[in-house]
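Visitor: Below: sequence and its predicted model.
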Amino acid sequence: MLDALLALLDESNTEVPSTALPGEPLQATSGKEVPPVPWVPLKNPEVKGGRTIPEHQMQRLLTYLALIGETDPDIIDEVLNACGRDVQLLAGALAQADIVIRTHHGDFSGLVQCHTCQRLSGNYCASQHWFVVSESWRKCTFWRPKNV
């Protein structure tokens, strides 16, 4: 399961919108308040072999993992450690977390689903050159509506 989750994060858009200053909590952008998920006690709170993930980013990752149903402390630790070692993976994880948190609370602004795009052929995106999960919500600058 972890390999599949990390593969999804690797494929995700690594643009991380600047929604808060470092060290400040995130503010809801859609007018809807996003309640934080209760803090999950980590089996090993120190990131092994990497930098420390700021608390506000850690909370976003924990909220994301809770929303996708991940409760195994070993998997949670492994995801956080991988994100602490790799800044690009952290950026992708935070981007994916933001999308999941927003859609969970009904905010779909600026997001599209691949199955509605004319550039999708089967489950392959001709613009991004990757295979997609067409029901997933994502940000995409290449998205074009299908001609009806």
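Guide: On my side now, so go ahead. Numbering: from 1, shown residues only.
Visitor: Neighbours of residue 72, how many?
Guide: Residues lying near residue 72 (other CB atoms under 10 Å) number 13. C-betas here are computed from N, CA, C, even on glycine.
Visitor: That one and residue 122: what is the separation?
Guide: 33 Å (CB to CB, to the nearest Å).
Visitor: Show me where this protein has its helices.
Guide: For the chain, applying DSSP state H gives helices covering 2-11, 55-67, 73-85, 87-104.
Visitor: With mean neighbour count, mean pLDDT and distance to residue 111 as added columns, please give the ones you listed in a markdown table.
Guide: Output for those, formatted as a markdown table (neighbours: other CB atoms under 10 Å; pLDDT from 0 to 100; distance: least, CB to CB, whole Å):
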| stretch | mean neighbour count | mean pLDDT | distance to residue 111 |
| --- | --- | --- | --- |
| helix 2-11 | 14 | 60 | 16 |
| helix 55-67 | 19 | 93 | 15 |
| helix 73-85 | 18 | 92 | 22 |
| helix 87-104 | 19 | 91 | 6 |
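Visitor: How is the chain partitioned into domains?
Guide: The domain map for the chain lists 2-109, 110-148, with the assignment taken from automatic domain parsing.
Visitor: Serialize the helices of the chain to CSV and add fields for distance to residue 142.
Guide: Listed next are the helices of the chain as CSV, based on distance: least, CB to CB, whole Å:
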stretch, distance to residue 142
helix 2-11, 14
helix 55-67, 24
helix 73-85, 26
helix 87-104, 16
